[in-house]
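>>> no FASTA, just this:
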């Protein structure tokens, strides 16, 4: 077919359906092109058992953040004249390589502001499908949209799923607390991607008035953060925060940001420049790989929680996007919290989120405290390092609080049980209690939108980060993701593991129905799923996801009381220091 004939075909088909389907030689069959306000986008058809799904990969949603656009807010993409979209996944954003057992090579690049669109069944602008936008995790430091193939969500849930990249590490979050280097570029990327979805998803048959953001770990933190940002209001209507809440002190502190700046400039030739403008110009001239390797996550790692000590590599107060430390509630009636309480909100965790403790336990710590993490984590690690470090970073030097934490999580003589207690402290302080706090803020005297909580207790046949130590008990951090996404895209599985996943199909379908029901209506309940009670501040009911599905009330009440008191002391300290 000649180019002129093909263009004629496109124009006529678009006049009827806004869609152009064609066969392209022997390479790709059943390719499809969709005309969007941004331009034509090519995708392809994929058969899933008896269903069809259309994939549109590597769609640019902003200009490449390279050269002079490095350390700048994302620039809106201009309408393109050629056809965008490829048959291969986009690279991950530039990042320090953090190998997990069985992880997939993400082929990172600084030119990375792309998203992927997955559509069930036929493409028609009158389908009005609900849209779910996935924000990947990775500590704001690593990960990529291409790791997450949402075949199960799309085929079972009958929703459009969009997965997005956003800038990571110093490219996404480095700040010098100056308008020229204000940080939060990764969060601005997320907002720009959501704007693109609002403007273009209708061409794929999506409903821009029914958009749900969801994410896990740092992605869950990003979801809760976006829910609090007034300038993001209207770009989405529901939010699912999985194992991540902004109230876990992820907002970096100024003194830690300065440490990050000093460390980076010391390791580059940019130290001692006359002003921020000169420093910025210097940093823009350094090759991306050199910058990536200048500071790694291990430089910033502390025993307890990467987010606490990550300095300029997490969201920060910039006076524009984030105006105050959202880890502490200054007022329940300011604009940020009114924004948060205007969207339907689901948040949940796993019962053993503290698996992060054994996965991130450095050899230096094991040598210092004379233990092997495959055998145990001794009480001394909790009482002499984890607890004091947490208290110091949160409220300052308060030994009595460190002692209280130590005693709270040292109620057993069993070595295995004590090892799990150390992990429990990590899970409670960094994930479960922060989620509880956000849920309570969202639900209090709020009849306008829905609030739901869950707890995963089902252990995974393919544990995130590899097989845990024999003493570890429970569902670890990240162990629910395989129920939503095809795990072969982010893990290399053995044949035995592939077979084991077949036994999880029924639970996967149940979880997907909950998630997609919520995306469609703000309520996860519906046909063929057990009743999920709405969360309220009195009963605090939540769903327990296991086999069988159960319900519970007032999750981790004593731990929530303990860390809420510490949170309040941190809030008082923060705002006292500001005066």
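Yep, that arrived. Source: prediction; values computed, not measured. Residues are numbered from 1 along each chain as shown.
>>> burial measure for residue 363, as a count.
9 (other CB atoms under 10 Å). All C-beta spots, glycine's among them, are computed from the backbone N, C-alpha and C.
>>> Next, work out how far apart the spatially most central residue of the chain and residue 106 are.
Centroid-nearest residue in the chain, with CA atoms, centre = their mean: residue 219, separated by 0.8 Å. Look at residue 219 and residue 106: by CB to CB, to the nearest Å, they are 15 Å apart.
>>> again, but for residue 294
In terms of CB to CB, residue 294 sits 19 Å off from residue 106.
>>> So those two - more neighbours on which side?
Applying other CB under 10 Å to residue 294 and residue 106 shows that residue 106 carries more neighbours, namely 23 against 19.
>>> any low-confidence regions in the stretch 301-450 of the chain?
Counting by pLDDT under 70, the stretch 301-450 of the chain has low-confidence residues at 301-312, 329-333.
>>> neighbours of the closest residue to residue 440 other than its chain neighbours, just the number please.
Once flanking residues are discounted, residue 440 sits nearest to residue 537: 5.4 Å by CB to CB, 6 or more residues apart in numbering. By the criterion of other CB under 10 Å, residue 537 has 14 neighbours.
>>> Residue 537: what's it in contact with?
Contacts of residue 537 were listed using CB atoms under 8 Å, 6 or more residues apart in numbering, and they are 440, 443, 444.
>>> contact partners of the one helix or strand residue 560 maps to?
Assigned by DSSP states H and E, residue 560 falls within helix 557-578. Contact with helix 557-578 is made by 247, 249, 325, 327-330, 391, 394-396, 398, 401, 404-405, 408, 428-429, 432-433, 436-437, 540, as judged by CB under 8 Å, 6+ apart.
>>> Where do the helices of the stretch 1-150 of the chain begin and end?
In the stretch 1-150 of the chain, the helices defined using DSSP state H, counting those that start in this stretch lie at 3-17.
>>> now do the stretch 301-450 of the chain
306-309, 335-340, 355-359, 363-368, 379-381, 387-394, 399-408, 415-427, 433-443.
>>> Make a markdown table from these and add distance to residue 519 to it.
Shown next, in a markdown table, are the helices of the stretch 301-450 of the chain (distance: least, CB to CB, whole Å):
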| stretch | distance to residue 519 |
| --- | --- |
| helix 306-309 | 27 |
| helix 335-340 | 18 |
| helix 355-359 | 28 |
| helix 363-368 | 41 |
| helix 379-381 | 41 |
| helix 387-394 | 34 |
| helix 399-408 | 38 |
| helix 415-427 | 27 |
| helix 433-443 | 17 |
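>>> and residue 455, which of these is closest to it?
helix 433-443 (9.6 Å; CB to CB).
>>> which helices and strands sit right next to the closest one?
helix 335-340, strand 344-350, strand 451-456, helix 557-578 (3 or more CB pairs under 8 Å, 6 or more residues apart in numbering; DSSP states H and E).
>>> since we're on residue 47, how many residues are nearby?
9.
>>> Check the gap between the nearest residue to it once chain neighbours are set aside and residue 157 for me.
Ranked by CB to CB, 6+ apart and with sequence neighbours excluded, the top spatial neighbour of residue 47 is residue 53, at 8.0 Å. Distance from residue 53 to residue 157, counting by CB to CB: 12 Å.
>>> The two: which is more packed in?
A direct count of neighbours by other CB under 10 Å for residue 53 and residue 157 places residue 157 higher, at 24 against 20.
>>> for that one, what are its contacts?
132, 512, 513, 515, 516, 519.
>>> that older thread, closest one to residue 124 among the helices and strands packed on helix 433-443?
strand 344-350 (26.6 Å).
>>> and the angle for that closest one with helix 433-443?
Orientation of strand 344-350 against helix 433-443 (axes from the mean of the first three to the mean of the last three CA atoms, to 10 degrees) gives an angle of 160 degrees.
>>> Could you find the closest non-adjacent residue to residue 426?
residue 354 (3.6 Å).
>>> do the same with residue 556
Using CB to CB, 6+ apart, the nearest residue to residue 556 is residue 432, at 5.3 Å.
>>> which ones are touching the one you found?
Applying CB under 8 Å, 6+ apart, the residues near residue 432 are 349, 353, 555, 556, 559, 560.
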